[in-house]
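1. curious how this folds, go ahead:
(chains A and B, ligands or ions: 3)
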Amino acid sequence: MFSGLFRNERARREALTAGQVTPDSSRCVQCGICSFNCPIGIDVRRHAWLGQPVINSRCLTCGECVARCPRGVLTFERTNLFAERRK
Amino acid sequence: MTRYLLIGTGVAAISALEAIRSVDERGEVSVVSEDPHGYYSRPGLAYYLTGELEESLLFPYQKADFARLNASFYRARAVRILPTEREVELEGGARLPYDKLLLATGAQAIPLNVPGANLAGVHKLDNLSDARALLARAKRGRPALVTGGGITALELAEGLAARGMKVHYVFRSERYWPAVLDETESRLIESLLRREGMTLYPKTELTEILGKNGKVTGARLSDGKVIPADLIAYAIGIAPRTGLAREAGIACERGILVNERMETSLPEIYAAGDVAQAYDPAAGKHVLDSLWTPAREQGRVAGLNMAGQPTDYVKSIPFNVTRLAGLTVTIIGAVAVPSPLAPLPKGEGNMPSPLPPLPKGEGNAPSPLAPLPKGEGNAPSHLPPSPTGRGAGGEGRGEGDLLAIARGDSETWRELPHAIIAQSGFEVNRLRLMVGETRLLGAVVMGDQKLSAPLQKLIRDQVDITPIRSRLLTPHAPIADILAEFVSIGNGKQVNR
Ligand SMILES: Cc1cc2nc3c(=O)[nH]c(=O)nc-3n(C[C@H](O)[C@H](O)[C@H](O)COP(=O)(O)OP(=O)(O)OC[C@H]3O[C@@H](n4cnc5c(N)ncnc54)[C@H](O)[C@@H]3O)c2cc1C
Ligand code: SF4
Ligand code: SF4
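-> Ligands and ions are numbered 1, 2, ... in the order given. Purely as a prediction, here's the structure:
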């Protein structure tokens, strides 16, 4: 019924095919785990507060923040404008 | 120039401050809080306890962020509101004037009322100081006793277990959190807790805390058993901090009653966050949440209104993602299951229908604050056995372990929806859906969280599920797959907003 992939693996795999880290602010509790685990020190939590995707050329799209967030706030969204414009 | 005064530095107050500044750059804003640590992530305290987070990471805002908001912060306890003078008195006698006042005082743990509760080593978890105190006393290999229910009790238990303590978890009800979880879910959590090495004592009460030289040494249980423990941690529910408001004559039930503008019954005084009891059009009454996102949204709406930009608060479907016994759990909407004893609600009064039944002249109307009924209709004072008064909870009367809602909790979850239950998975991954006539009314997602976000949207946006409803209700239907398919193909457009 559920495919048994671990979240980590899934997030990393998605990272290879997808674009930027995008938050769903309504799920975020500002705990800071994402910022804590970002290897290059991007303040992901702030993006989640503001509801803004991580548009930062330094972002490695490593998926660490996505995988560590305990509340499913972060996902990789394709940087495909067409997909984004669709409602 | 408007003088704003905010009481509290939780997310509701900070969010209000940001909203005020988005409209009014020049007004004078004062923020008063007794918490020496100011603004931090309260839900993050659970991760701080387990050691997943360093303390410094609990603070979302740095000095520069506060400077940008251009407010005066006072660390003090507000002791009195003087509505006629438009002033608030602080401990020590100083007074601060206001044109617009926000009460964002949050909620606090209901104290444990057993002999010995004042001994050193008895802990709650309301704030960072509490978390620090707990960690200072947590000693590897030593026994700790946790009592209470809901999410916080498990956060305490797991935090202490993560610090190497031997945890005994004592709870009154027959199973874990019967007000929100169904039997299978409770049993799943219990078995995971046992697997983690905890000892559980269901249907048991703490009757006395034992101590020596003013310090906890153990506890006596209702069955007479004595359990040695260095530390006792409890979470038996929270009470909104309504003291200031009540004394000033502001209308309160369990929390401070507010209309959709977050206005209280007194002019120029607003309330937001855990302390506020906001109107829920779906339920036709004022309800309490203790959830970060609603607190933030209420603060924002209060701030905008205070700054003169009329904005209505629209209560969203309460939602939380938490970890119970190491398992990620999403709870959305109304999820209570009828107990074998409680009859199913007749009719649809409980359904969050688009056109909620109007409250029958109960002074319950959202706007403008009508005089409140004495005795307050739907709740016997501030510690109702079942906060929504629907007898939801599976235990018949009362929740056993919680005297009120707990942290990260919502009264709405206890609503017994007029729904049929579809479920699948009885191992670590489990999905329970509350299937209404044409849409989903609630869901519990345990373990695999792939469907957590899609379900949140399906329920929030009231997506019509008629195309899959009968399939969902077929016995042993693979409901996860049906939903996944529905979300990704059929109604993808509706869901992916
Ligand atoms: C351990 C824990 C776990 C939680 N888990 C979750 C979760 O998983 N998900 C979720 O959504 N929510 C969770 N919550 C709840 C969430 O943190 C609250 O809903 C939110 O913090 C409420 O914000 P608030 O601003 O209304 O109140 P608070 O954050 O409680 O702030 C109130 C402030 O008012 C101050 N104050 C009160 N009275 C006075 C006075 N008289 N004078 C001066 N200052 C005063 C207090 O010191 C405090 O600073 C959790 C909370 C805790 C404690
Ligand atoms: S880890 Fe998740 S919940 Fe925590 S601050 Fe980051 S995005 Fe928000
Ligand atoms: S994907 Fe990696 S680099 Fe990018 S913000 Fe997240 S943790 Fe940082």
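2. return the distance of residue B:39 relative to chain A.
-> To chain A, residue B:39 is 9 Å away according to CB to the nearest CB, to the nearest Å. Using the backbone N, CA and C atoms, a C-beta is placed for each residue, glycine as well.
3. check which residues of stretch B:451-461 are buried.
-> Going by neighbour count (16 or more other CB atoms under 10 Å in any protein chain shown), the buried part of stretch B:451-461 is B:451, B:452, B:453, B:454, B:455, B:456, B:457, B:458, B:459, B:460.
4. ramachandran angles for the fifth one?
-> Spelled out, that is residue B:455. Taking degrees, to the nearest 10, you get phi -70, psi -40 for the backbone angles of residue B:455.
5. check residue A:40 too.
-> Dihedral angles (degrees, to the nearest 10) for residue A:40: phi -110, psi 20.
6. in this structure it contacts residue A:54, no?
-> No: between residue A:40 and residue A:54 there is no contact under CB atoms under 8 Å: 10.9 Å.
7. residue ranges with poor pLDDT in the chain?
-> You didn't say which chain, so I picked chain A. Within chain A, the segments meeting pLDDT under 70 span A:1-18, A:78-87.
8. oops, wrong one, chain B.
-> For chain B, the ranges with pLDDT under 70 are B:338-399, B:416, B:419, B:425-428, B:489-497.
9. show me where it has helices.
-> B:11-23, B:44-50, B:63-69, B:128-137, B:150-162, B:183-195, B:243-247, B:292-306, B:452-460, B:466-472, B:479-485, B:492-495 (DSSP state H).
10. rebuild these as JSON lines, extending it with distance to chain A.
-> Formatted as JSON lines, those follow (distance: least, CB to the nearest CB, whole Å):
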{"stretch": "helix B:11-23", "distance to chain A": "7"}
{"stretch": "helix B:44-50", "distance to chain A": "4"}
{"stretch": "helix B:63-69", "distance to chain A": "9"}
{"stretch": "helix B:128-137", "distance to chain A": "13"}
{"stretch": "helix B:150-162", "distance to chain A": "12"}
{"stretch": "helix B:183-195", "distance to chain A": "15"}
{"stretch": "helix B:243-247", "distance to chain A": "26"}
{"stretch": "helix B:292-306", "distance to chain A": "4"}
{"stretch": "helix B:452-460", "distance to chain A": "5"}
{"stretch": "helix B:466-472", "distance to chain A": "14"}
{"stretch": "helix B:479-485", "distance to chain A": "5"}
{"stretch": "helix B:492-495", "distance to chain A": "7"}
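11. including distance to residue A:48, could the ones you listed go into TSV?
-> Shown next, in TSV, are the helices of chain B (distance: least, CB to CB, whole Å):
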stretch	distance to residue A:48
helix B:11-23	13
helix B:44-50	13
helix B:63-69	15
helix B:128-137	21
helix B:150-162	21
helix B:183-195	28
helix B:243-247	32
helix B:292-306	11
helix B:452-460	14
helix B:466-472	32
helix B:479-485	25
helix B:492-495	21
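12. out of the ones you listed, which gets nearest to residue B:209?
-> helix B:128-137 (14.1 Å; CB to CB).
13. one step back: who wins for proximity to ligand 3 among the helices of chain B?
-> When these are compared by CB to the nearest ligand atom, helix B:44-50 sits nearest ligand 3, at 16.7 Å.
14. and the closest one, anywhere near ligand 2?
-> No: under the criterion of CB under 6 Å from any ligand atom, helix B:44-50 makes no contact with ligand 2; the nearest approach is 7.2 Å.
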